[in-house]
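Asks: Return atomic coordinates for the entry below.
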Amino acid sequence: MMSDAERTCVGAIAGAFGVKGEVRLKSFCADPGAIAEYAPLSNEDGTREFSISLTRPIKGGIGARIDGVSTKEQADALRGTTLWAGRDKLPSLPDDEFYHADLVGMTVLDAGGAELGTLRAVQNYGAGDILEIAAKGQSTPLMLPFTKAIVPTVDLKAGRIIVDPPEAL
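Replies: Numbering: from 1, shown residues only. Here you go, the predicted structure:
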């Protein structure tokens, strides 16, 4: 089984679509249809592999067929299953783009070098990526827009993110 560092979550099964075993997929890929290119996909604990073929765009996702799934009941049983791909299957990114999974856990520093906390997650509520930072000494997370102006430096090798939040934050 691959470790989480060797694979990344590329989508999830949202349940059955129709009565003949087709599923509704939610793709977490920049190009939603690219999810099929990263097969075989596995579930989160790596105990099951899925061969998928996309059928059509549908409301809230993509229709797909999964080998071995031919009934609505089988498709519904997979609802909520996350789909993971080996990192070696994913495209390399330009210098200013990052896989969110690579950023989680990194130390977040302000422009003066003071540690603010640890990156807990990268969220997107529809208006762009937001960094969720577990701030030192605070019970509520610090939420910052993931823009070049506010996040001037992401140093993957050093495991740190430099932020320059506006005074209001």
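Asks: Quick check: buried residues in stretch 122-140?
Replies: Neighbour-count burial for stretch 122-140, counted by 16 or more other C-beta atoms under 10 Å, picks out Val122, Asp129, Ile130, Leu131, Glu132, Ile133, Ala134, Ala135. From N, CA and C alone the C-beta is placed, and that goes for glycine too.
Asks: Tell me the helices and strands packed up against the longest helix along the chain.
Replies: Of all the segments of type helix in the chain, defined by DSSP state H, the longest one is helix 72-77. Counting contacts by 3 or more C-beta pairs under 8 Å, 6 or more residues apart in numbering; DSSP states H and E, helix 72-77 packs against strand 7-16.
Asks: after the worst-scoring helix or strand of the chain on mean pLDDT, next one along is what?
Replies: Within the chain, no helix or strand scores below helix 100-103, which has a mean of 84 by mean pLDDT, DSSP states H and E. Moving toward the C-terminus from helix 100-103, the next helix or strand (DSSP states H and E) is strand 107-110.
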